[in-house]
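Asker: Here is my input, please return the structure:
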Amino acid sequence: MAAHEKLSDIQFNYHKVETGGEPLHRISALAGPTFAHVGTMLWSSKEIRNVTVPEDQQRRGVATAMWEEGHRLATENKRIPKPRHSADRTTAGNAWAKSVGGRLPRQKQKG
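Answerer: Numbers count the residues shown, from 1 in each chain. As a prediction, the model looks like this:
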């Protein structure tokens, strides 16, 4: 599939992850009629910890859809913090963070 083709049928699963300390929040993205896993976003009350999208699913709007879903959930449930960008961003992660907007802490480049 070409990079410009966006996924239109993404579904999300949200899970609060108990860590014994501050909880983490995870969104998993599933797509298509088979509910194939196409991405995960993990964040704390402070920042995004990780965004993972398989290489064959990148540049299709998966990470952006998870970001938007995280913000939607946080708006509806005050116990869920809004995802915020981390200073620890890869070059690709930095480009994505700029594209979705939001406050960008100074980047500590990961590669």
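Asker: Only C-alpha atoms from now on, for both contacts and neighbour counts.
Answerer: Noted.
Asker: any weak-confidence spans in the chain?
Answerer: Where the chain drops to pLDDT under 70, the residues are 1-8, 109-111.
Asker: Can you tell me how far the residue nearest the centre of it is from residue 88?
Answerer: Central residue of the chain (C-alpha atoms, centre = their mean): residue 41, 3.7 Å from the mean position. Distance, residue 41 to residue 88, using C-alpha to C-alpha, to the nearest Å: 14 Å.
Asker: And stretch 39-48, what's buried?
Answerer: For stretch 39-48, a neighbour-count test (16 or more other C-alpha atoms under 10 Å) marks 39, 40, 41, 42, 43, 44, 47, 48 as buried.
Asker: Now the residue nearest to the centre of the chain: which helix or strand?
Answerer: strand 36-43 (DSSP states H and E).
Asker: Mind giving me the packing neighbours of that strand?
Answerer: Judged by 3 or more C-alpha pairs under 8 Å, 6 or more residues apart in numbering; DSSP states H and E, the packing partners of strand 36-43 are strand 24-31, strand 48-52, helix 62-76.
Asker: Quickly compare the ones you listed and say which is most buried.
Answerer: Highest mean neighbour count among those (mean count of other C-alpha atoms under 10 Å): strand 24-31, with a mean of 21.
Asker: Counting by contacts, list what that one packs against.
Answerer: By 3+ C-alpha pairs under 8 Å, 6+ apart, strand 24-31 packs against strand 10-17, strand 36-43, helix 62-76.
Asker: Let's see that strand as PDB, backbone CA atoms only.
Answerer: Taking C-alpha atoms only, strand 24-31 is exported to PDB below (Å, rounded to 0.1, in the frame of the first residue of the first chain):
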ATOM      1  CA  LEU A  24       1.000   3.700  32.400                       C
ATOM      2  CA  HIS A  25      -1.600   4.000  29.700                       C
ATOM      3  CA  ARG A  26      -1.600   2.000  26.500                       C
ATOM      4  CA  ILE A  27      -3.500   2.200  23.300                       C
ATOM      5  CA  SER A  28      -3.300  -0.700  20.800                       C
ATOM      6  CA  ALA A  29      -4.400   0.000  17.200                       C
ATOM      7  CA  LEU A  30      -6.100  -2.800  15.300                       C
ATOM      8  CA  ALA A  31      -7.100  -2.600  11.600                       C
END
